[in-house]
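Student: please find the sequence and the predicted model below.
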Amino acid sequence: MKAVVVYDTYYGNTKLVAEAIVEQIKSEGHEAELRNVREDYPTPPQGDFAFVGSPIRMGDVTRRTRKFVKKLDSSVWKDKPVVAFVTIGKPKENPTEKEKANFQKISIGPGLEFRDMIKDRGLAAYGQVLYVEVKDGWKGPLVEDGIEKTKRFVHDFLLTIKK
């Protein structure tokens, strides 16, 4: 099977997650193509499934990432899983209830909205969203187990689509 892994990034963290996704897919014997939404490609993305990722900035995925999803040909991708992944700020340790609610609103919620946007486009949005936390605000680096968490998520996803 072949995957297309598409990402946008500002500080390189989402790119690191995308590269880990590609690495895991290849380690399990599949093909994977890595694409940056900021670059032009001569052909539309083609594969059996896709991962599309973005940092959460100002409470949303990036405009370029939304634009990429809107351009996906729903007649081609309607039956092929499209997985959303996002990088988010790390929550505070021992947060108050108000801080928990705020984190849910500005970090977790946008990832779910992104998944729903994929679904609303008529695409086969995968039910789970991959969230990878970034330390020290938005610049990073990723949390220590971020790459390992990514690889486990991809492995588990691949188990669900094995034929």
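Tutor: Here it is on my side, so go on. Numbering: from 1, shown residues only.
Student: when you work out contacts or count neighbours from here on, use the C-alpha atoms and nothing else.
Tutor: Fine.
Student: what sits opposite the most centrally placed residue in the chain in the beta ladder?
Tutor: With distances taken as Cα atoms, centre = their mean, residue 85 lies nearest the centre of the chain, 1.7 Å away. For residue 85, the beta-bridge partners under DSSP bridges are residue 53, residue 130.
Student: and it, what is it in contact with?
Tutor: By Cα atoms under 8 Å, 6 or more residues apart in numbering, the contact set of residue 85 is 51-54, 111, 129-132.
Student: swap in residue 49?
Tutor: Per Cα under 8 Å, 6+ apart, neighbours of residue 49: 2-4, 80-82.
Student: quick one: pLDDT of the residue nearest to the centre of the chain?
Tutor: We have a pLDDT of 98 for residue 85.
Student: show me which of the contacts of residue 49 is closest to residue 14.
Tutor: residue 4 (15.0 Å; Cα to Cα).
Student: residue 141 versus that closest one, what's the distance?
Tutor: According to Cα to Cα, to the nearest Å, residue 4 and residue 141 sit 24 Å apart.
Student: now for the contacts of residue 49: which two are most distant?
Tutor: Farthest pair in the contacts of residue 49 (Cα to Cα) is 2 and 82. Separation: 12.5 Å.
Student: just want to know which of those two has more residues nearby.
Tutor: Legend: neighbour count by other Cα atoms under 10 Å for residue 2 and residue 82, higher for residue 82 (25 against 16).
Student: low-confidence ranges, this structure, go.
Tutor: For the chain, the stretches with pLDDT under 70 are 137, 163.
Student: quick check: most distant residue from the centroid of it.
Tutor: Distance from the centre of the chain peaks at residue 96, with 27.9 Å (Cα atoms, centre = their mean).
Student: circling back to that earlier point, more neighbours, residue 4 and residue 141?
Tutor: When residue 4 and residue 141 are compared for neighbours, residue 4 comes out ahead with 20 against 16, by other Cα under 10 Å.
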